[in-house]
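Colleague: what's the 3D shape of this:
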Amino acid sequence: MLTSVAESVVRPRPAYRTFRAAVARAERLSPHFVRVTFAGEELADFGTAGLDQRVKLVFPIEGRGFADFPAGEDWYRAWRELPADRRNAFRTYTVRAVRPGRREVDVDFALHGDLGPASAWAARASEGDELLIIGPDERSPERTVGIDFRPGAVDTVLLAGDETAAPAICAILEQLPADASGAALIEVPSPADVLQVAAPEGVEVRWLARSSADAVHGERLVPAVRDWVARATTPIDDRPATDAAADASAAALSAAELADGDDVPLWDVPEGRSLDGACYAWLAGEASVITSLRRFLVRDAGLDRRQVAFMGYWRRGRAELE
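Modeller: Just a heads-up that it's a prediction; the model follows:
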């Protein structure tokens, strides 16, 4: 029997798929951080590209587990069509480490009480608790699609964020080249939340503890970014302030900021531009704080908007972002 051309085409393996896993162990790293190690035979094929690779963690419904969670690539559309009481909650997190030989994946959680399903689940996670991870398939040619750190070839990197961005920043730091230079500025709830992380010698790592439990997010991060820019030994961007590209970049930023608060883009991840002497900034955390930092870097510090990756992981006044 002859096979048609359409039938003979091998469909590429999806970049992301659903992995079944269970908690192997949960380690409290600090008052506000817990590392959960997931294990499962399916994790042998979990992606190892690293950096700030995003995954979706799907949490069980009491009494139903994952009985209603859709399978397949079009899971999100099918999930939205389910009745509200049969929709498993899910949240976006960063992979902290992958050990395919041991079928293990680490995810670090920033705890903030029971304000959201992820924090509540992680605070009580114990061995054997089941979870679904929608993550990268190592065998897919598009396995790096969930990575937002894309600096290109630049001289300096700036990583800045709050505790929700700390796991991603730490993962990036541990995979930077040995000769990398720049800074990582991480705001956390308390001095006890400083984590151990390996970073290149040329990258300054500063943990910034807020003044109190009810302090406003960004109280330490915003001035720290401004201070680093002011005391950098070389300009973070050597283009003239009147460069047409810089003007267009600032204009585009202004247009976005004219939108209503809920409509301001929460995620803008351009491909980094390879420029001699340039800086690439990666910003993540509370949306209004990160918006303020991006505005400063583009308008005042002279970075091209295309060299600032901006990710609003959550917004003040909302429990969590999906």
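Colleague: can we go C-alpha only for contacts and neighbour counts from here?
Modeller: Noted.
Colleague: What residues does the closest residue to Ser30 other than its chain neighbours make contact with?
Modeller: Leaving aside its sequence neighbours, Ser30 sits nearest to Asp193 (Cα to Cα, 6 or more residues apart in numbering; 5.2 Å). By Cα atoms under 8 Å, 6 or more residues apart in numbering, Asp193 lies in contact with 29-33, 209.
Colleague: Would you reformat those as TSV and include secondary structure?
Modeller: Output for the contacts of Asp193, formatted as TSV (DSSP: H, G, I helix; E, B strand; the rest coil):
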residue	secondary structure
Leu29	strand
Ser30	strand
Pro31	coil
His32	coil
Phe33	strand
Ala209	strand
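Colleague: Of the residues you listed, keep whichever come out buried.
Modeller: Neighbour counting over the contacts of Asp193 (16 or more other Cα atoms under 10 Å) leaves 29-30, 32-33, 209 as the buried ones.
Colleague: show me what contacts Ala160?
Modeller: Residues counted as contacts of Ala160 (Cα under 8 Å, 6+ apart) are 169, 184-186, 221, 225, 281-284.
Colleague: Most widely separated two among those?
Modeller: Greatest spatial distance among those (Cα to Cα): Ile169 and Val225, at 14.9 Å.
Colleague: Settle it for me: which of the two has more neighbours?
Modeller: A count of neighbours by other Cα atoms under 10 Å puts Ile169 above the other of Ile169 and Val225, at 27 against 20.
Colleague: on that earlier part again, closest to Arg315 out of the buried ones among the contacts of Asp193?
Modeller: Distances from Arg315 to the buried ones among the contacts of Asp193, taken by Cα to Cα, are shortest for His32, at 18.5 Å.
Colleague: Excluding residues flanking it in the chain, which one is nearest the closest one?
Modeller: His32's closest residue in space is Leu111 (Cα to Cα, 6+ apart), at 4.9 Å.
Colleague: Give me the next element, helix or strand, following the lowest-mean-pLDDT helix or strand in the chain.
Modeller: Lowest by mean pLDDT, DSSP states H and E among the helices and strands of the chain is helix 244-257, with a mean of 46. Counting by DSSP states H and E, the element after helix 244-257 in chain order, helix or strand, is strand 267-268.
Colleague: roughly how far is that following strand from the heart of the chain?
Modeller: Once both centres are worked out by Cα atoms, centre = their mean, to the nearest Å, strand 267-268 turns out to sit 11 Å from its chain's centre.
Colleague: That strand: partners in the sheet, and parallel or antiparallel?
Modeller: strand 308-314 (antiparallel) (DSSP bridges).
Colleague: List the buried residues in the strand it pairs with.
Modeller: In strand 308-314, counting by 16+ other Cα under 10 Å, buried: 308-314.
Colleague: quick one: the residue nearest to Phe19 when sequence neighbours are not counted and Leu159, what's the gap?
Modeller: Nearest non-adjacent residue to Phe19, counting by Cα to Cα, 6+ apart: Ile133, 5.1 Å away. Distance of Ile133 to Leu159, given as Cα to Cα, to the nearest Å: 26 Å.
Colleague: Thank you, goodbye.
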